[in-house]
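attaching a predicted model along with its sequence, questions to come.
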Amino acid sequence: MTYLITLLVYGAVDVIACLGLSQQFGVAGVTNFGFIIFQAAGAYVAAILALPSDAANGGFQHYIGGWNLPFPLPWIGAAVAGAVLALPFTFLVGRRLRGDFAAVGLLVTAVLLNLLVMNYVPLFNGDAGLAIVPAPLQSQVMTTTSTAYQWEFTAGVIILAGAVYWLVRRITESPYGRTLRAMRDNDKVADSLGKNLLSLRTGMLVLGGAIAGLSGGVLVSFISVWSPAAWTYAETIVLFAAVIIGGRGNHLGAVLGAIIVPVGFEESTRLITNANPSLPPNLLPSLQWVAIGLLIGLFLWLRPQGIVPERRRVIALPVGSGERGPVERPVAAGAPGNEIILAAADLSRDFGGVHAVSGVSLAVRRGTVTGLIGPNGAGKSTLLSLLAGTERASAGQVFYQGADVTGRPAFRRARLGLVRTFQLASEFRRLTVMENLLSAAPGNRGETLRGAFAGRRYWRDDEAAAVAKAAGILERFGLEELANSYAGDLSGGQRRLVEIMRALMTGPAMLLLDEPMAGVHPELARRIGNLLVELARDGMTVLMVEHELAIMDEFCDPVIVMAEGSVLAEGTMAQLRERSEVVEAYLVG
Amino acid sequence: MSAEHPAEPVERGPDAARPAEPVEQPTRPAEPVERPTARGPDAARPAVLGEPIRAESVTAGYGGDPVIRGISVRADRGQVVSIVGPNGSGKSTLLKSMVGVVRVSGGRVLLGDRAITNLAPEEVARAGVGYVPQVDDVFGPLTVRENLEMGGYLLARRDVAARVEHVFSVFPRLGTMARRPAGKLSGGERKMLAMGRVLMLEPAVFLLDEPTANLAPAIARSLLGEHVRRLAERGAAVLIVEQRAKAVLAISDRTYVLGGGELRMEGTPAELSGNPEFVDSFLGGGRDRALPSSET
Amino acid sequence: MTVFLASVGFGLITAAVLAVAAVGFTLQFAVTDVLNLAFAAVMTAGAFTAYWINQLGVSIWLALVVAMAACAVLSVVLNLVVYSPFQRRGSSPITIVIVSLGMALIIEFGIQAIVGGVNVSYAMSQGHTFHLGGLILTTVQLVIIAISVVVMAAAHIMLRYSKLGKAMRATAANRSLARNCGIRTDRVITATWALTGALCGLAGTVFAIDIGSFGPTSTDLFVVLILAAVFLGGPGHAYGAMLGALLIGVATEVSAAYIQPDYKYVIAFAALLAMLAVRPSGLFGARA
């Protein structure tokens, strides 16, 4: 009976930990190889909050504090400890560092902290760890060894695991969760859509840390000892194995993985050991690790999506969506006219000695569809990146709506309504077309961690409005039937459309489009063109790079010609065609 | 067409005879000033014999819809054959499909009478095709000399140094910066190095992808007029993709115009220059052609 | 002063071992694009291979050569059977890192399953003790330093002057262009796995000689030093790894002399995190 209780409690603790990791790694794509240290920290803090001061038990073990706090404060403290410990590591997960390098940093951190704790007696009692940690409510109940108490504890822990599941699900299925998945699929594009990667990843480190800390706290109060030797970095790999095998991005998969891997392996080892007591003591645990390594490799090769794959979120289109205003009027702060919305002054960008853009000055008037053409290598895409903020200028300034935005990163410019698209495919592959669009809707109350906590009732109106808007755009582009397909499964042309639609979802004041019609069927290209002209009439501004000059002829006025990193001429296509330097640029280069 | 060329060695040196069928070359400078220094082991090797390279109805792409469809081009020895067309017309993809970088899904690529369709890029290089990509065309951290040595990777060890000296004699500027990392070169120097790298093997066929992109017009002209033309004069077949249509026409024996992934026109420079559709194919104008299915 | 000099001596030995491992690791990463966290496990495999040969009565220095060969083979097999298929499928770098951790578990605990949890030592003599102006080193320690110096020099000569070395650097810098030069990059990559695998076996064996008594999990902490040295010099940068190894090796041992020895890894840890935070491309910046 005690054995069953132990199994259930360990299982619940592993489930909690795996849910935290599933949220970090599976949903948000933050690979935290140091996960175990957050669990260890939570366990230690729970222990010292529950223990009386170290003098009280004869001073045979050393630890900080010893506050003897009543349940549930130690568990709450454990979660807080995990969360706080995450803060110093947030610098690893910003925009600059490659994901695998950050993972290595966290791995090394885990190894080192474990080493430090094992050796520092005054604070952590060294590798002896802590013992006789009081169980919850120990003072209230007569004995903590009674079967009734043990069962109540077990039930409590299972309920807690259920609560954690409910919590991570609530977050994942919110607009905030969608943003996390978008970041996981393509962080650069999420950045350009105005998502703050640093804050999102910090949120995930903190939340995952809190959940890990809680699981540690629960465990330590059940087994009543805290031993640093039990928290080696290899334990993190077990949890990763559980999430990968169960199915990353699906919390049910994480639960299943927790039951199969840590629990299942413990179980099978025990059964085999009991059956063959003569086996060498180290053999089975060793083989267990070997098996985990094999499982990781085999699953990543044969079934990378796991046993329970991430499920597709089907969102029903609102009935009669066609009657709503299909595309919302953009934020037109001023009437179309001669007002300059975007200007570049002497803008330059060098790539190791090559002047991709040199001394470009230009002005784009509000309400125009301005074209940007030029031979290959003229610097068009680089210029677009400089204007959008995805590349930093080597020199010069960018002015948007009268303000100098040169120093602002892409996501800040995007929030001001200056939104770009990319030349290469940049859809969020494992989001549906509808979700791709929704991920770009601004101002959704559910898009913050707090909003996600607050629950569906808090953000459902915003979500419904966004869905209606997205449905309108989908209808405009004639892609309603693809709304619930994964964007990664679409054809090249359809993906370009997803990108343009997504950019429109932000209700931009100005769109920067990089070859939006490349690979799009001519008929569709024409429809996009007409739509852009229509949007411009309503006050939106478009600056687009395009190589098919017939498109420029039909939709763009004015057209700016670039060659060799500089602006060569500006005018209507008809005018430009008369100018010899433009003809020269195209024919001579 | 067939592969049995008589082994007519093409003399190397300042007085090398021009191959047959001379072409009008208004922008070409006077005779190149290169002095061959590569004697000794190098001189003993047979002179270059360009084999014709052909693409026959090649369809290729990056998975999904093909980028180029049913394109046939050929370059014979001693010829500069250019491929022009607007951005996105599939010029680079065509070259990449011929050297095994992009997968060919239909048609075939022939070097002489040997099919090299979908061979790995290194095997295409070993078959005697020198390819200069448009971007990432040098080894940034390696020095200029090391870049050239990599170009001559297939040469016998004892021939490499002489060949490097030969390339330095063709591009004297490179010789002055032999120990500089390629990543620190200017755009023009970098392109010279990229060209010098393929010169190392003296391949029978050169495929050049926009060698003048990002170069100042004067440097571009000299690169095309002196160096590219010269490759053909030595008997190699040169297939060159260019954005600078006029400049490349001046050195071409034959030109193909691509548009929208298909072959639109072909002919000699003289034929094309006189054709108004040729200019239109670059600067639009004919919108009905560009957006065919929309106006009915 | 004597404490300082003695710790510098320890530092030099640590740096010598570390440099061999770090150069192997960083070259592996530069040329093959695999951040192989199973490297330390392969080192352990090398150390035990040498032990088994040594147990047969063979000199440890001969056993070391066998260990190098064994690790070369093991690394080539790892690539052919595991990493290369994943790369051909287009798996993300992070997936390959996770796979490499899985491989680390298989190798490390596979060894543990065979040898059990006990620590072993080589049958060898430490030789004479030399006093070199305050530094106290045994013959064996001097040999380790000499091996490392020779390996560094050989690595330098190979990368700068040999055809294979230059092809390795070319492959690291631009694999597709290397292929356009006619370089069979698959073979260069296989050769890189063999060479860096041999370095790994060498590092594992001299590491085991250096620490005297070792077990299947002895390299668990050493991997932190390797990563610190590699990232300090810039991942993929061979000379950076040499410099990083020297800095980390000496800094950890000197700090161990003045603070508690158990905290010596903190220096490596701080260096690694600082580099990741401030300059992820390392002291040298570019690759290869």
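Everything's here; your move.

what residues sit buried inside the helix or strand in which A:Arg169 is found?
With elements taken from DSSP states H and E, the one containing A:Arg169 is helix A:147-172. Of the residues in helix A:147-172, those with enough neighbours to count as buried (16 or more other C-beta atoms under 10 Å in any protein chain shown) are A:149-150, A:153-154, A:156-157, A:160-161, A:164-165, A:167-168, A:170-172. (C-beta placed from N, C-alpha, C; glycine too.)

and stretch A:434-445, by the same measure?
Within stretch A:434-445, the residues scored as buried using 16+ other C-beta under 10 Å are A:Met434, A:Glu435, A:Asn436, A:Leu437, A:Leu438, A:Ser439, A:Ala440, A:Ala441, A:Pro442, A:Asn444, A:Arg445.

measure the residue in the stretch 1-150 of chain A that chain B sits nearest to to A:Glu427 for me?
Among residues of the stretch 1-150 of chain A, the one nearest chain B by C-beta to the nearest C-beta turns out to be A:Arg98. It sits 18.7 Å away. Distance, A:Arg98 to A:Glu427, by C-beta to C-beta, to the nearest Å: 22 Å.

neighbour count: the two, which is higher?
Regarding A:Arg98 and A:Glu427, a neighbour count based on other C-beta atoms under 10 Å in any protein chain shown identifies A:Glu427 as having more, with 25 against 14.

do I have it right that that one meets A:Val498?
Yes: with contact defined as C-beta atoms under 8 Å, A:Glu427 counts as touching A:Val498 (5.1 Å).

can you list residues touching both of the two?
By C-beta atoms under 8 Å, 6 or more residues apart in numbering or on different chains, A:Glu427 and A:Val498 have these common neighbours: A:Asn436, A:Ala487, A:Leu490.

can I assume the first one sits in a strand?
It refers to A:Asn436. No: checked against DSSP: H, G, I helix; E, B strand; the rest coil, A:Asn436 lies outside a strand; its state is helix.

which neighbouring elements make contact with the helix holding A:Arg169?
Applying 3 or more C-beta pairs under 8 Å, 6 or more residues apart in numbering or on different chains; DSSP states H and E, we find helix A:147-172 packed against helix A:2-21, helix A:175-185, helix A:197-223, helix A:251-258, helix A:449-454.

next SSE downstream of the third one?
The reference is to helix A:197-223. On the C-terminal side of helix A:197-223, the nearest following helix or strand under DSSP H and E is helix A:233-246.

about what we covered before: who's in contact with the residue of the stretch 1-150 of chain A closest to chain B?
Contact partners of A:Arg98, counting by C-beta under 8 Å, 6+ apart, are C:Pro93, C:Pro280.

over to the one 5 residues further on?
For A:Ala103, the contacting residues are A:Thr31, A:Asn32, A:Phe33, C:Ile94, C:Val97, taking C-beta under 8 Å, 6+ apart as the criterion.

what two of the buried residues of helix A:147-172 have the greatest distance between them?
Across these, the two members that end up farthest from each other (C-beta to C-beta) are A:Tyr149 and A:Thr172, 34.6 Å apart.

okay, helices next: where are they in the stretch 301-450 of chain A?
Per DSSP state H, counting those that start in this stretch, the stretch 301-450 of chain A carries helices over the ranges A:380-388, A:410-415, A:433-438, A:449-454.

now do the stretch 1-150 of chain A
A:2-21, A:35-50, A:73-86, A:99-119, A:121-124, A:147-172.

kindly spell out which helices and strands sit in contact with the second one.
For helix A:35-50, the helices and strands in contact under the criterion 3+ C-beta pairs under 8 Å, 6+ apart are helix A:2-21, helix A:73-86, helix A:99-119, helix A:197-223, helix A:233-246.

let's go with 7 Å and repeat that
Packing partners of helix A:35-50 (3 or more C-beta pairs under 7 Å, 6 or more residues apart in numbering or on different chains; DSSP states H and E): helix A:73-86, helix A:99-119, helix A:197-223, helix A:233-246.

who in the stretch 101-250 of chain B is up against chain C?
Contact residues of the stretch 101-250 of chain B with respect to chain C, defined by C-beta under 7 Å from any C-beta of the partner chain, are listed as B:101, B:120-122, B:125-126, B:131, B:133, B:136-137, B:139-142, B:146, B:149-151, B:153-154.

which members of those are positioned in strands?
Restricting these to those inside strands, with DSSP state E as the criterion, leaves B:Tyr131.

which of the residues of the stretch 101-250 of chain B next to chain C count as buried?
B:101, B:121-122, B:125-126, B:131, B:133, B:137, B:139-142, B:146, B:149-151, B:153.

rewinding a little: could you dump the helices and strands packed on helix A:35-50 to a markdown table with mean pLDDT?
Supplementary listing: the helices and strands packed on helix A:35-50 in a markdown table, determined by pLDDT from 0 to 100:
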| stretch | mean pLDDT |
| --- | --- |
| helix A:73-86 | 92 |
| helix A:99-119 | 82 |
| helix A:197-223 | 93 |
| helix A:233-246 | 91 |
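
wait, A:Met505 touches A:Ser439, no?
No: in this structure A:Met505 lies outside contact range of A:Ser439 using C-beta atoms under 7 Å: 8.1 Å.

figure out which of the helices of the stretch 301-450 of chain A is closest to chain B.
Minimum separation from chain B across those (C-beta to the nearest C-beta) falls at helix A:380-388, 9.3 Å.

please see if the closest one touches chain B.
No: using C-beta under 7 Å from any C-beta, no contact is recorded between helix A:380-388 and chain B, whose separation bottoms out at 9.3 Å.

near chain B, which residues of chain C show up?
So chain C meets chain B at C:166-167, C:169-170, C:173-174, C:176-185, C:286-288 (C-beta under 7 Å from any C-beta).

go again using 10 Å as the cut-off
Listed as neighbours of chain B in chain C under the rule C-beta under 10 Å from any C-beta of the partner chain: C:30, C:160, C:163, C:166-167, C:169-187, C:236-237, C:285-288.

hey, what's in contact with both of A:Met505 and A:Ser439?
Any residue near both A:Met505 and A:Ser439 by C-beta atoms under 10 Å, 6 or more residues apart in numbering or on different chains counts here, and that gives A:Leu193, A:Ala466, A:Ala470.

residues contacting A:Leu362?
If a contact means C-beta under 10 Å, 6+ apart, then A:Leu362 has A:340, A:342-345, A:347, A:370, A:372, A:383, A:387, A:543, A:560, A:562, A:567, A:570 as its contacts.

stretch A:117-126 near chain C anywhere?
Yes: contact of stretch A:117-126 with chain C is found when judged by C-beta under 10 Å from any C-beta, involving A:Met118, A:Asn119, A:Tyr120, A:Gly126.
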